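In: show me the folded form of this:
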Amino acid sequence: MLRLSKKADYALIAMKHLALRSDRGSSSAREIAEQYDIPIELMAKVLQRLVRRRLLVSQQGTHGGYQLARGPGQISVADVIQAIDGPVTVTACSIDDDRCDQFAKCNVRDPLWRVRERILTALDECTIAELASDPPTPAPVRAAVLHTHL
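Out: Just a heads-up that it's a prediction; the model follows:
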């Protein structure tokens, strides 16, 4: 199963937030964390990692905060995920790892590497601009229970 880490989820949330507010200047870690109920310390760490990977820029001071380092159409979902979680993998082995006992005999390694490449291509094609263009998800509505009498 391909599953993003919580940190990668939070990074994508922050990137979408910043893309939607790019015309208003920067946003602080506290602002983002509070809006999405994310622990401030964790959000700050995620944002700093994105700065180190040059996906965000940060400014200190009263009007400081974080902004996208380039346009949201130039930053892919893959860029964000790999900045936080490292390379996308679907198997325990990698191209350089022949420590697995099954490495030489494995009959699914190459096909699974091709699956990884397809996943990576899809994540590369999806940009932060695309995430930001999706309308916000409405809060879940409790379904009314309908009783019918026969």
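In: what comes up buried for the helix of greatest length in the chain?
Out: Assignment by DSSP state H gives helix 109-125 as the longest helix of the chain. Going by neighbour count (16 or more other CB atoms under 10 Å), the buried part of helix 109-125 is R109, R116, L120, L123. Heads up, the C-betas are built off the backbone N, CA and C, glycines and all.
In: which of those sits closest to K16?
Out: L123 (14.9 Å; CB to CB).
In: which strand or helix spans the closest residue to the closest one other than its chain neighbours?
Out: Once flanking residues are discounted, L123 sits nearest to A78: 3.7 Å by CB to CB, 6 or more residues apart in numbering. In the assignment (DSSP states H and E), A78 maps to helix 77-85.
In: likewise for S58?
Out: Per DSSP H and E: strand 56-59 holds S58.
In: helices or strands next to that strand in the packing?
Out: If contacts are counted by 3 or more CB pairs under 8 Å, 6 or more residues apart in numbering; DSSP states H and E, strand 56-59 sits against helix 40-52, strand 65-68.
In: L18 is nearest to which of those?
Out: strand 65-68 (5.3 Å).
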